[in-house]
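>>> give me a 3D structure for the following:
(2 chains)
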Amino acid sequence: MHTIKIDMEKCTGCKKCYKACFVDVIRWDDTEDKPIVKYPEECATCNWCELSCPVNAVEVIPDNPVPIPEPYPKSFYPKSRATS
Amino acid sequence: MTSLEKIGEVFTTDVLILGAGLSGFIVANRIKELNSKLDVLIVEKSTAGFAGSKANKGAGVMWVMQEGDDFDKFREYYCRNHGHFLEDQELLEKVCATTRTMVEHLERWGVDIKREADGRLARMEAIPLWSLCAYDLDIMDRLRKVAVKLGVKMIDKTQFVEILTQGKRAVGAVGFNILDGTYRIFKAKSVVLATGSCCWMVTNMWSGARGDGIAAAYRAGAEMRNAEFSNFYNLGVRGNMSALVGSQYALYNSEGEYLAPKYCADFEVDIDIGILLGMEKEVMEGKGPIVFEETELFANNPLAAGGFLFRWKRPVAEKFWTTLMGKEAKYNADHAWRPEVYPMFIGEMSCVKADHDMRTTFHR
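Reported below is the predicted structural model:
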């Protein structure tokens, strides 16, 4: 699963990461005045939150490899070098 | 009778714009410029100024017909090579002309669109029939600032779910505050659907538009047409979600044979079906896997997409792409020389039927 690491010591509470996330992964804790990474499993790894943070408190760590189906499975392509 | 205020929060406006992507902001800003007295409200599921799928999260290029670009030749190319002569040629001509005025508006609003030293719009020279221009990726923020100045109202973090109709008229929309679930009712004289296409989570960039608006229009009874994926294919390296634009000119089979001369035309807009069928053929003949030689992405590539993009001083775009590519290099498990590539389908569908003035079948 992708990780969004936020350094809360550096965070100034500007809300830019929360606003930047266009897939509603980052929410806002009004009590603590800090971001909450609520749905990291939906992160699109666009890095917009990281890029928007003015104090470099945010780091997006993609969990690659993203699993994809084998495009040339042996069942359809016997000469394919795929393992399955 | 229960008043609406007991059901949810009620908002009333003249023009309700659903979606704060590029289209939503352009429409909002133009309406206010043409008639400042109209009340215009944008409703966005994330945050206006940061939202939108593609304008601020992609290559930062836009298609435009510059002075000197021939509309007829362009239309002929499209009719013969795309859509099997099913193009609406009148609309295509109108779109061509609109691209020119759109550039004027965007520049006037402060979007950093790149120009050559002689004032011409910067263009990717390898493309013969139209221009591909570059802009910086702070475009949405600039459009939002203009919108605020013009008095466009915005409501964020609100997912619209249904269009309100009265007979054959769209009279508003309903949705909810995604943070606390509060129901929201929007009443409007006109409704603009600017929610993008159906393309959720295809790649990093195509992750904003989920087809909500199209589905809502369908449920409301708006006519659809061309309900098929208009897409471009691309190639990807195993492990991440990014497309390798132009990589069809940098592929080799397992015998070290360069594939472009066999399967690619001298010039292709994005990836054509030829290379995809060619890749399959090579694998079927036991000459897979197909690999990608990164150094040739710029060298042998007639599109020279990468070279064009990085030719311009675009601070926001540079930071965006450097960060993205750096992450992919650092975190992609496949660090092999000439990594295997696989075919990707980057599809989106926008099938709401509209006339030449972009009116759906809901009309006065």
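>>> give me the below-cutoff pLDDT ranges for chain B.
Within chain B, the stretches falling below the threshold (pLDDT under 70) are B:1, B:83-85, B:125-127, B:230-232, B:239-243, B:267-270, B:296-309, B:332-336, B:363-364.
>>> quick one, what contacts the most centrally placed residue in it?
Most central residue of chain B, judged by C-alpha distance to the mean C-alpha position with CA atoms, centre = their mean, is residue B:54 at 4.9 Å. When the contact criterion is CB atoms under 8 Å, 6 or more residues apart in numbering or on different chains, the partners of residue B:54 are B:21-22, B:205-206, B:208. (C-beta placed from N, C-alpha, C; glycine too.)
>>> near chain B, which residues of chain A show up?
By CB under 8 Å from any CB of the partner chain, the part of chain A that sits against chain B consists of A:18-24, A:27, A:44-48, A:50-52, A:60-66, A:68, A:71-72, A:77, A:79-82.
>>> how does it look with 6 Å?
Contacts of chain A with chain B, taken as CB under 6 Å from any CB of the partner chain, map to A:19-20, A:22-23, A:44-47, A:62, A:64-66, A:71-72, A:77, A:79-81.
>>> any quick ChimeraX command for the buried ones out of those?
This is the ChimeraX syntax for the buried subset of the residues of chain A next to chain B, where burial follows 16 or more other CB atoms under 10 Å in any protein chain shown:
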select /A:19,20,22,23,44,45,46,47,62,64,66,71,72,77,80
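>>> in strands only, show me the residues of chain A next to chain B.
The members of the residues of chain A next to chain B all map outside strands under DSSP state E.
>>> among the residues of chain A next to chain B, which are in helices?
Judged by DSSP state H, these include A:19-20 as members of helices.
>>> return the set of buried residues in the helix or strand containing residue B:146.
Of the helices and strands defined by DSSP states H and E, residue B:146 is found in helix B:139-150. Within helix B:139-150, the residues that qualify as buried are B:139-144, B:146-147, B:150, counting by 16+ other CB under 10 Å.
>>> on that earlier part again, just put the contacts of residue B:54 in CSV and tack on secondary structure.
Conversion of the contacts of residue B:54 to CSV gives the following (DSSP: H, G, I helix; E, B strand; the rest coil):
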residue, secondary structure
B:21, coil
B:22, helix
B:205, coil
B:206, coil
B:208, coil
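>>> run through chain A and note the low-pLDDT ranges.
Per-residue confidence of chain A (counting by pLDDT under 70) places the weak regions at A:65-66.
>>> burial of residue B:177, as a residue count?
Burial measure for residue B:177: 16 neighbouring residues, criterion other CB atoms under 10 Å in any protein chain shown.
>>> that one and chain A, how far apart?
Using CB to the nearest CB, to the nearest Å, one obtains 12 Å as the distance from residue B:177 to chain A.
>>> then residue B:247?
In this structure, residue B:247 lies at 15 Å from chain A, with CB to the nearest CB as the measure.
>>> picking up where we left off before, quick one: contacts of the helix holding residue B:146?
Counting by CB atoms under 6 Å, 6 or more residues apart in numbering or on different chains, the neighbours of helix B:139-150 from elsewhere in the structure are B:25, B:28-29, B:32, B:48-49, B:52, B:55-56, B:109-111.
>>> just how off-centre is the helix or strand just after that helix within its chain?
Per DSSP H and E, helix B:139-150 leads on to strand B:153-155 as the next helix or strand towards the C-terminus. Taking the mean C-alpha point of strand B:153-155 and that of its whole chain, the gap between them comes to 22 Å (CA atoms, centre = their mean, to the nearest Å).
>>> show me what counts as buried in the helix or strand following strand B:153-155.
Next along the chain after strand B:153-155, taking DSSP H and E as the criterion, comes strand B:158-166. Within strand B:158-166, the residues that count as buried by 16+ other CB under 10 Å are B:158-160, B:163-165.
>>> wondering if strand B:158-166 reaches chain A at all.
No: using CB under 6 Å from any CB, strand B:158-166 stays clear of chain A, with a minimum separation of 8.9 Å.
>>> export that strand as CSV, just CAs?
In CSV, the C-alpha atoms belonging to strand B:158-166 read as follows (Å, rounded to 0.1, in the frame of the first residue of the first chain):
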residue,chain,number,x,y,z
THR,B,158,-19.0,18.2,-2.1
GLN,B,159,-19.8,15.1,-4.1
PHE,B,160,-22.7,15.7,-6.4
VAL,B,161,-24.8,12.6,-7.1
GLU,B,162,-27.9,13.5,-9.0
ILE,B,163,-29.2,16.2,-11.4
LEU,B,164,-32.5,17.7,-10.4
THR,B,165,-34.9,17.9,-13.3
GLN,B,166,-38.2,19.5,-14.0
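>>> what's the angle from the very next helix or strand once past it to strand B:158-166?
Proceeding N to C from strand B:158-166, the next assigned helix or strand is strand B:169-177, under DSSP H and E. Angle between the axes of strand B:169-177 and strand B:158-166 is 150 degrees (criterion: axes from the mean of the first three to the mean of the last three CA atoms, to 10 degrees).
>>> other SSEs contacting strand B:169-177?
For strand B:169-177, the helices and strands in contact under the criterion 3 or more CB pairs under 6 Å, 6 or more residues apart in numbering or on different chains; DSSP states H and E are strand B:158-166, strand B:183-193.
>>> got the buried residues for it?
When burial is assessed from 16+ other CB under 10 Å, strand B:169-177 yields the following buried residues: B:170-177.
>>> and it, how far out from the chain's middle?
The chain centroid and the centroid of strand B:169-177 are separated by 24 Å under CA atoms, centre = their mean.
>>> partner strands of it, with direction?
For strand B:169-177, the paired strands and their directions (DSSP bridges) read strand B:158-166 (antiparallel), strand B:183-193 (antiparallel).
>>> and the contacts of that strand?
Applying CB under 6 Å, 6+ apart, the contact partners of strand B:169-177 are B:158-164, B:183-188, B:191, B:362.
>>> spatially, which two of those residues are the most separated?
The distance between the two most remote of these (CB to CB) is 22.6 Å, for B:183 and B:362.
>>> so which of the contacts of strand B:169-177 is the closest to chain A?
Minimum distance to chain A across the contacts of strand B:169-177 is 8.9 Å, recorded for residue B:159 (CB to the nearest CB).
>>> next up, the contacts around that closest one.
Going by CB under 6 Å, 6+ apart, the list of residues near residue B:159 reads B:45, B:175-176, B:178.
>>> do the same with residue A:63
Taking CB under 6 Å, 6+ apart as the criterion, residue A:63 is in contact with A:1-2.
>>> picking up where we left off before, with neighbour numbers in mind, choose between residue B:183 and residue B:362.
When neighbours are counted by other CB under 10 Å, residue B:183 and residue B:362 differ, and residue B:362 comes out ahead with 22 against 14.
>>> okay, the more buried one and residue B:39: tell me how far apart.
According to CB to CB, to the nearest Å, residue B:362 stands 20 Å off from residue B:39.
>>> wait, residue B:163 touches residue B:214, no?
No: the pair residue B:163 and residue B:214 does not pass the contact test of CB atoms under 6 Å, sitting 11.0 Å apart.
>>> isn't residue B:113 right next to residue B:135, touching?
Yes: taking contacts as CB under 6 Å, residue B:113 lies within contact range of residue B:135: 4.7 Å.
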